[in-house]
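Asker: No letters, just coordinates:
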């Protein structure tokens, strides 16, 4: 009950944003938990492909999102950080102090 | 003149019992989508008039046209509207809008208004993209997923298919359900592939209804995959133009095993309605 009250009245709950697409080869989504994201922009600076950007969302919070021009080709723009030879630490994830970013693939 | 099978009914509606002059707040929301545009006028937080029309090649002109149609016969002038919010694909390009809000927030707000606070999952089937949205009891988005990679499984894909099979788009749903048994679905990832598959099937002796059924079930299948990604929470509702196609909605609901909440007066105006509700909030806030 207390948790519910806290969530309802004290902290405005954010939302989970899935940016990306599904095509014949699989799901390519970058998932941003805006509850955790405070729009600090560290991931934006660390991303070598400039995939992310900081925006003011519809509820007037600063959050990051996947830039519109990249949301339809994530499989390719994110490829340099995801070599087939093996998993590599993703700069967007390691730079995020609150762990708000996940990838679906 | 050749028949344009992809044409759907454009409509306007206005509440005959209300007098806008007595209203304390008079605001509008304009949703310029990729295929259709809606304008909704709210008087005191209730729908006063709306219109649903086709988007042209020019988004400022489409927005103006939609608003003009919504105001037609009401003698409201554009200056009488206290606040206008724009949404949809063309939202950054609506000159009279004071603010642009994404269609995700607007659809969620609009569906919450029409379907009631029990609506938790919204599927917006638009002209060019699909959105799965979860919202709370106040219509605030809690999760969303947008699939805007291609037009398969969207209104535009359906228009292409209607044109190919020379079936008026408004009849597609009913005809697709009129088959003896459900055919296997066609390709669900690309309209162009689906179209060539459909041509092949027609040459192979399938009836129009069978091809429509195969396409509708491919679309439904694609949508169900998307909803499975974000998870299904009851109650469920569908907004956007495709919600008027019973062939697709029936198959989606069957595959998901849920019921959907019907949206009154029109599921296609959810985006514009949500924008108008935001406009009212913003106006009340600015007046304080």
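Answerer: That came through, no problem. What you see is a predicted model, and the numbers here were worked out from it, not measured in a lab.
Asker: From here on, just use CA atoms for contacts and neighbour counts.
Answerer: Noted.
Asker: residue ranges for the helices of the chain, please.
Answerer: In the absence of a named chain, chain A is used. A:2-5, A:42-46, A:74-77, A:91-95 (DSSP state H).
Asker: Correction: the question concerned chain B.
Answerer: B:59-71, B:103-115, B:155-165, B:172-177, B:191-203, B:208-230, B:246-256, B:270-287.
Asker: and chain B, which of the helices of chain A is closest to it?
Answerer: helix A:74-77 (10.5 Å; C-alpha to the nearest C-alpha).
Asker: quick check, the closest one touching chain B?
Answerer: No. For helix A:74-77 and chain B, the contact criterion (C-alpha under 8 Å from any C-alpha of the partner chain) is not met; the two come no nearer than 10.5 Å.
Asker: That helix - contacts with which helices or strands?
Answerer: Packed against helix A:74-77 by the contact rule (3 or more C-alpha pairs under 8 Å, 6 or more residues apart in numbering or on different chains; DSSP states H and E) you find strand A:26-33.
Asker: which helices and strands sit right next to the strand it packs on?
Answerer: Judged by 3+ C-alpha pairs under 8 Å, 6+ apart, strand A:26-33 is in contact with strand A:16-23, strand A:62-66, helix A:74-77, strand A:101-103.
Asker: and residue 77, what does it touch?
Answerer: All of this refers to chain A. A:49, A:51, A:70 (C-alpha atoms under 8 Å, 6 or more residues apart in numbering or on different chains).
Asker: looking at chain B here, not the other one
Answerer: Neighbouring residues of residue B:77 by C-alpha under 8 Å, 6+ apart: residue B:71.
Asker: Report the separation between it and residue B:70.
Answerer: Computed as C-alpha to C-alpha, to the nearest Å, the residue B:77 to residue B:70 distance reads 11 Å.
Asker: sorry, back to before: chain B: which of the contacts of residue A:77 is nearest?
Answerer: Among the contacts of residue A:77, and counting by C-alpha to the nearest C-alpha, the member closest to chain B is residue A:70, at 10.7 Å.
Asker: what's that closest one sitting at in phi/psi?
Answerer: The phi/psi pair for residue A:70 (degrees, to the nearest 10) reads phi -100, psi -10.
Asker: Measure how buried the closest residue to it other than its chain neighbours is and give me the count.
Answerer: Closest residue to residue A:70 apart from its sequence neighbours, by C-alpha to C-alpha, 6 or more residues apart in numbering or on different chains: residue A:51 at 6.1 Å. As a burial measure, residue A:51 scores 20 neighbours (other C-alpha atoms under 10 Å in any protein chain shown).
Asker: Hmm, residue A:51 is touching residue A:66, no?
Answerer: Yes. Counting by C-alpha atoms under 8 Å, residue A:51 does reach residue A:66; the two are 5.7 Å apart.
Asker: Enumerate every residue touching the most centrally placed residue in chain B.
Answerer: Nearest to the centroid of the C-alpha atoms of chain B, with distances taken as C-alpha atoms, centre = their mean, sits residue B:240, at 1.5 Å. Neighbouring residues of residue B:240 by C-alpha under 8 Å, 6+ apart: B:124, B:125, B:126, B:267, B:268, B:269, B:270.
Asker: now swap in residue A:57 and tell me
Answerer: Taking C-alpha under 8 Å, 6+ apart, we find residue A:57 in contact with residue A:63.
Asker: Recalculate using a threshold of 10 Å.
Answerer: With contact set as C-alpha atoms under 10 Å, 6 or more residues apart in numbering or on different chains, residue A:57 has these partners: A:34, A:63, A:64, A:65, B:101, B:102, B:105.
Asker: Show the pLDDT at the second one.
Answerer: Residue A:63 is assigned a pLDDT of 91 by the prediction.
Asker: neighbours around residue 101, how many?
Answerer: No chain was given, so I picked chain A. 22.
Asker: sorry, should have said chain B
Answerer: Quick note: residue B:101 (other C-alpha under 10 Å) scores 21 neighbours.
Asker: pLDDT score for the nearest residue to residue B:195 once chain neighbours are set aside?
Answerer: Excluding the flanking residues, the one nearest residue B:195 by C-alpha to C-alpha, 6+ apart is residue B:161, at 6.8 Å. As predicted, residue B:161 sits at a pLDDT of 89.
Asker: from memory residue B:161 sits against residue B:151, does it?
Answerer: No. Assessed by C-alpha atoms under 10 Å, residue B:161 is found out of contact with residue B:151, at 11.9 Å.
Asker: Identify the contacts common to the two.
Answerer: Taking C-alpha under 10 Å, 6+ apart as the contact rule, residue B:161 and residue B:151 both touch B:191, B:192.
Asker: Settle it for me: which of those two has more neighbours?
Answerer: Per other C-alpha under 10 Å, whichever of residue B:161 and residue B:151 has more neighbours is residue B:161, with 26 against 20.
Asker: rewinding a little: can you say which two of the contacts of residue A:57 are spatially most distant?
Answerer: By the measure C-alpha to C-alpha, A:34 and B:101 form the most distant pair in those, at 17.0 Å.
Asker: Show me what from the stretch 51-200 of chain B comes close to chain A.
Answerer: For the stretch 51-200 of chain B, the residues in contact with chain A (C-alpha under 10 Å from any C-alpha of the partner chain) are B:100-106, B:132-136, B:140-150, B:187-190.
Asker: let's see 8 Å
Answerer: Residues of the stretch 51-200 of chain B lying close to chain A (C-alpha under 8 Å from any C-alpha) are B:101-102, B:105, B:141-149, B:189.
Asker: And stretch A:89-104, what's buried?
Answerer: Neighbour counts over stretch A:89-104 (16 or more other C-alpha atoms under 10 Å in any protein chain shown) mark A:90, A:91, A:92, A:93, A:95, A:96, A:100, A:101, A:103 as buried.
Asker: Make a markdown table from those and add distance to residue B:217 and pLDDT to it.
Answerer: Listed next are those as a markdown table, based on distance: C-alpha to C-alpha, whole Å; pLDDT from 0 to 100:
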| residue | distance to residue B:217 | pLDDT |
| --- | --- | --- |
| A:90 | 38 | 89 |
| A:91 | 41 | 90 |
| A:92 | 38 | 91 |
| A:93 | 38 | 92 |
| A:95 | 43 | 92 |
| A:96 | 41 | 92 |
| A:100 | 36 | 92 |
| A:101 | 34 | 93 |
| A:103 | 29 | 92 |
